[in-house]
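Asks: got a sequence here, can you build the structure:
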Amino acid sequence: MEARSITTGISAQIAMKLLTKFFTLCCLMICVGCMKPQLINPNDPVNASKVDIAQLKISLRNAYETLSARVAKKQITEEESKRRLKAFANDIVDHLDMNKLPSDSLSEYGEIFRTAGRWELSAAAFYETIKAAREPESTVYATLRYAEALAHLGKVDEAIKFSRQTFTAPASAKQGILLAVLYEIVPACQGKGKDMELAGLLRDAVLQHDIATVDEKSVEGRAFLMGKRHHMVNALKLSDQLETGSGTKV
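Replies: Residues are numbered from 1 along each chain as shown. Have a look, this model is predicted:
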């Protein structure tokens, strides 16, 4: 009997130790689970400062594609689509830490600022991009984006000045000049007392478009050549309208 009692007591002690260890292990697992970092939702603008520019671009593109699909299905209008995309981009911008933007991605952040209609920020980003650009194509792109931002800020003379600066680029970097001037810069400058100057800018941009060179074997090159005359004609028509005071935005 005494031996049985001793055995029972030892078994109880062992069981208690095992139970204690099991309870401790469960507690540790729970604590570790609580300490585990929560996954960041890259599509939530609130997390804009926590994800890199590549993911922000993907989120913005996804939003654009979703809205475009709804426009195609006639669920929303084109104007509503633009308004919602702008609001989404603004939400991203509002949650960015402007003091921590990587200098090598300023042009990409500039595009987000542009989509959001935050022209002061866009101008600042593309101005820095111009200074850092090493290739003619990059310089032309950033300069035209900067000119567009200036146009929206009401700085028409400066917008025209920087637009013209791209005319010195080599022929291989001129493809985007007319399109930016015709469809982005001039419309933002019209009706602000400089329409004659804008008419001259358009005519000179047409000349730049005419001497631009492309790789005729590439998809982009073929697309440029197919639309070349169309854009030149549109620009000359708008130039004539601006000179006669009957200009309408394209």
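Asks: domain-wise, how is this structure divided?
Replies: Following automatic domain parsing, one finds the domains of the chain at 53-132, 148-250.
Asks: start and end of the shortest one, how far apart?
Replies: Terminal residues of domain 53-132 are spaced 18 Å apart (CA to CA, to the nearest Å).
Asks: pLDDT on that domain, on average?
Replies: On average, the pLDDT along domain 53-132 is 94.
Asks: same deal with the last one?
Replies: When pLDDT is averaged over domain 148-250, the result is 95.
Asks: turn the domains of the chain into CSV, columns for distance to residue 142.
Replies: No exception for glycine: its C-beta is placed from N, CA and C like everyone else's. Below are these laid out as CSV (distance: least, CB to CB, whole Å):
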stretch, distance to residue 142
domain 53-132, 4
domain 148-250, 10
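Asks: C-terminal to the one helix or strand residue 82 maps to, what's the next element?
Replies: In this assignment (DSSP states H and E), residue 82 forms part of helix 78-94. Going down the chain from helix 78-94, the next helix or strand is helix 106-116, by DSSP H and E.
Asks: quick one, that following helix and helix 78-94 angle?
Replies: On the basis of axes from the mean of the first three to the mean of the last three CA atoms, to 10 degrees, helix 106-116 is oriented at 130 degrees to helix 78-94.
Asks: pull the CA atoms of helix 106-116 into PDB?
Replies: Only the C-alpha atoms of helix 106-116 are listed here, as PDB (Å, rounded to 0.1, in the frame of the first residue of the first chain):
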ATOM      1  CA  LEU A 106      11.600  61.500 -57.500                       C
ATOM      2  CA  SER A 107      10.300  61.300 -61.100                       C
ATOM      3  CA  GLU A 108       8.100  58.300 -60.200                       C
ATOM      4  CA  TYR A 109       6.800  60.100 -57.200                       C
ATOM      5  CA  GLY A 110       6.300  63.200 -59.400                       C
ATOM      6  CA  GLU A 111       3.900  61.100 -61.600                       C
ATOM      7  CA  ILE A 112       1.900  60.300 -58.500                       C
ATOM      8  CA  PHE A 113       1.800  64.000 -57.500                       C
ATOM      9  CA  ARG A 114       0.800  64.800 -61.100                       C
ATOM     10  CA  THR A 115      -2.100  62.200 -61.000                       C
ATOM     11  CA  ALA A 116      -3.200  63.800 -57.700                       C
END
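Asks: which other helices and strands contact that helix?
Replies: The contact analysis (3 or more CB pairs under 8 Å, 6 or more residues apart in numbering; DSSP states H and E) places helix 106-116 against helix 53-72, helix 78-94, helix 119-132, helix 136-152.
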